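A.B. asks: predicted model and sequence below, questions to follow.
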Amino acid sequence: MSSFDRRVLLSGGLAASAALATPASAATDAPIVLHQVFFWLKNPGAKADREKLIAGLKALKAVEVIQQLHVGVPASTEKRDVIDNSYDVSELMVFKSVEDQNRYQSHPLHQKFIADCGHLWSKVIVYDSMAV
């Protein structure tokens, strides 16, 4: 495993742990929203496409309602029936509220990301959850 892979695993794992352990927003008393997205490239294995998608996702950090953003690729973990590592790139975003997540969806930078990178993927799955 490369040092990059270890950094991705560590940052993703720490981010998920921190996000899940974060208490409800003091201002609204609403739980945080975790927005996890998995992307499958139209051209699996195309390094240039993967790098463009990763760069596009990282640029979304400029959206002010995103509290945390973590971009990753499948980890080289043990093969088990419960693990789906068929995707090419994933991202985890943390929002303070459902309203912030809704604002993100219509934000011009998110719309630009879709316009610039949407041709790269063949499939996207989104899991939104609220911390309890």
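C.D. replies: Thanks, I have the structure now. This structure is a prediction, so every number in the text was calculated from the model and none was measured. Numbers count the residues shown, from 1 in each chain.

A.B. asks: only C-alpha atoms for contact and neighbour calcs from this point on.
C.D. replies: Fine.

A.B. asks: so how far is Val73 from the residue nearest the centre of the chain?
C.D. replies: Of all residues in the chain, the one closest to the mean position by CA atoms, centre = their mean is Glu91, 1.4 Å from it. For Glu91, the distance to Val73 under the criterion CA to CA, to the nearest Å works out to 9 Å.

A.B. asks: related to what we said a few turns ago, what's the pLDDT at the residue nearest to the centre of the chain?
C.D. replies: Looking at Glu91, its pLDDT is 98.

A.B. asks: and the helices in this structure?
C.D. replies: 3-21, 47-59, 98-106, 108-117 (DSSP state H).

A.B. asks: the closest residue to Arg103 other than its chain neighbours: neighbour count?
C.D. replies: Of all residues beyond its chain neighbours, the one nearest Arg103 is Val65 (7.6 Å), with distances taken as CA to CA, 6 or more residues apart in numbering. Applying other CA atoms under 10 Å, we find 19 residues neighbouring Val65.

A.B. asks: how about the contacts made by Val65?
C.D. replies: By CA atoms under 8 Å, 6 or more residues apart in numbering, Val65 lies in contact with Phe95, Lys96, Asp100, Gln101, Arg103, Tyr104.
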